[in-house]
Each structure stands twice: as C-alpha cells, then as structure tokens.
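Colleague: turn this into a structure:
(2 chains)
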Amino acid sequence: TQLLEQSPQFLSIQEGENLTVYCNSSSVFSSLQWYRQEPGEGPVLLVTVVTGGEVKKLKRLTFQFGDARKDSSLHITAAQPGDTGLYLCAGAADRLAFGKGNQVVVIP
Amino acid sequence: KAGVTQTPRYLIKTRGQQVTLSCSPISGHRSVSWYQQTPGQGLQFLFEYFSETQRNKGNFPGRFSGRQFSNSRSEMNVSTLELGDSALYLCASSLGLSGTEAFFGQGTRLTVV
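Modeller: Numbers count the residues shown, from 1 in each chain, chains lettered A, B, ... in the order given. Next up is the predicted model:
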C-alpha cells in the first residue's frame, strides 16, 4: 500500500499571502495528481505531473514533482478566498492512492 | 460533455439495511472507481471496474460490492449497514485503467442511523 502524507493538515492564511503545502511518500509514482475539493462536492482535477523535477503553473498555483517522483508541492501566490478548499494529492500506481488532504482556508 | 452523475445525492438508512448507489460515467470513459471519504480516513479506494470486470479492489469487507454494466454505468451495494459506513461515497470515471486522471461525481452522502 502506497501511503501519501500531506502536510500541513490545516492552514489558515490572510488574503494576499503565499502558502506552500506538501505531499510526501516513500513510494515512487508514475505520475502524481492534485485535486481540489469544496464542501459537498467531489474532487476536481487541477494538474498531473509526470516527470521528476517537473514544474507546472496554473495561474497563481505552482506544482512541483520531486526529482525522485516520490513527493510534490503546491505553492499558491497571493491567495484569494476562492482558493479555499481541501487539496488532495494522488499517486498513480496500480490504483490512485490519495493523501488525506491539506485543508486551506483563505480569510478575506 | 456531461460530467459524472451520482444518484442519489443524499441517503439516510437504518443499521442492518442495504443500499445501492449509482454512477453514470462521462461518455466514452470505461473505467469507474469508487471511494469512501470520511473526515478521519480521507479518500479510501473501494474498487475499480473496467469493461464490466472488477480490476482492482481495496481493503473493505465483503459487505461492499459493485458491478458495471455494458454501458459503463456502475452500481455499488452495501449490505447489513453499520454506523461506521456513514460517509461520502464518490465515484470517479477515467478513460483508462489504474491511475489515469479521474473525474469525480458530486458523491452520495450516506448516513446510517
């Protein structure tokens, strides 16, 4: 069983601040996906990273895949209230293995 | 393109009853996976179906079962419900198998009383 540890579990910041959350594992994944989930809804795919060291940007969100393809980070620049949500990382192996998520709250 | 549709959205059942949840994947997607989400455990994998065959199974008791029809629609069934089965059940559809990008439905919120 591949375990994905996400940290911090909970993060509350003011609008306009930057934040970084992490997704770590001892397993190697062929790819890693990030999702955002809002209350009462299913997760929505944000990005897939495939190559070790890869960096992908989605507006103010920057995703990085570790060189060894075991970990990833998500950096949000100038956070806005609309960024509030549960951020889930998922590693692709024989199935998608999900971490428990980073709950991000952006206060206006 | 229509997204993943799960029905019903909300369900309240009594301990000992059984329940069936339904999932219609995105048109053209042949893989359907089911997950249980609880605050303490996060998203836990139940099973994956592809072309009407169960291809992968998580670590859940036999009370949890599923099936997939020829049109790729899927159902999951939970028998002899327990209080601990209260959770958000999510269905995800994918083009391919095992680890390809997943598109989730809104989920079915099951409450067992």
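
Colleague: residue numbers of chain A in contact with chain B?
Modeller: Contacts of chain A with chain B, taken as CB under 8 Å from any CB of the partner chain, map to A:1, A:30-31, A:33, A:35, A:40-45, A:48, A:88, A:90-101. C-beta: built from backbone N, CA, C; applies to glycine.

Colleague: can you select the buried ones from those residues in PyMOL?
Modeller: Buried residues within the residues of chain A next to chain B, by 16 or more other CB atoms under 10 Å in any protein chain shown, are selected in PyMOL with:
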select buried, chain A and resi 31+33+35+41+42+43+45+48+88+90+91+92+93+95+96+97+98+99+100+101
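
Colleague: from the residues of chain A next to chain B, which land in strands?
Modeller: If you go by DSSP state E, the residues of chain A next to chain B have A:31, A:33, A:35, A:44-45, A:48, A:88, A:90-92, A:96-98 in strands.

Colleague: near chain A, which residues of chain B are found?
Modeller: Going by CB under 8 Å from any CB, the residues of chain B near chain A are B:4, B:33, B:35, B:41-45, B:48, B:56, B:58-59, B:90, B:92, B:98-107, B:109.

Colleague: quick check on those: which are buried?
Modeller: For the residues of chain B next to chain A, a burial check counting by 16+ other CB under 10 Å picks out B:4, B:33, B:35, B:42-45, B:48, B:56, B:58, B:90, B:92, B:98-99, B:101-107, B:109.

Colleague: skipping its backbone neighbours, what lies nearest the residue sitting nearest the centre point of chain B in space?
Modeller: In chain B, the centroid-proximal residue (CA atoms, centre = their mean) is B:Trp34; its distance is 3.3 Å. Excluding its sequence neighbours, the residue lying closest to B:Trp34 (CB to CB, 6 or more residues apart in numbering or on different chains) is B:Leu46, at 4.1 Å.

Colleague: tell me how many other residues crowd that neighbour.
Modeller: 21 (other CB atoms under 10 Å in any protein chain shown).

Colleague: what helix or strand does it sit in?
Modeller: Assigned by DSSP states H and E, B:Leu46 belongs to strand B:42-50.

Colleague: re the thing from before, what about the buried ones among the residues of chain B next to chain A, which are in strands?
Modeller: Under the assignment DSSP E, those contribute B:33, B:35, B:42-45, B:48, B:56, B:90, B:92, B:103-104, B:109 to strands.

Colleague: grab the nearest non-local neighbour of B:Ser74.
Modeller: Leaving out its chain neighbours, the residue that sits closest to B:Ser74 by CB to CB, 6+ apart is B:Val32, at 4.1 Å.

Colleague: okay, now that neighbour: neighbour count?
Modeller: Neighbour count of B:Val32, defined by other CB under 10 Å: 28.

Colleague: likewise B:Ser24?
Modeller: A count of nearby residues for B:Ser24, using other CB under 10 Å, gives 21.

Colleague: quick check, it in contact with B:Gln68.
Modeller: No - counting by CB atoms under 8 Å, B:Ser24 does not reach B:Gln68; the two are 11.2 Å apart.
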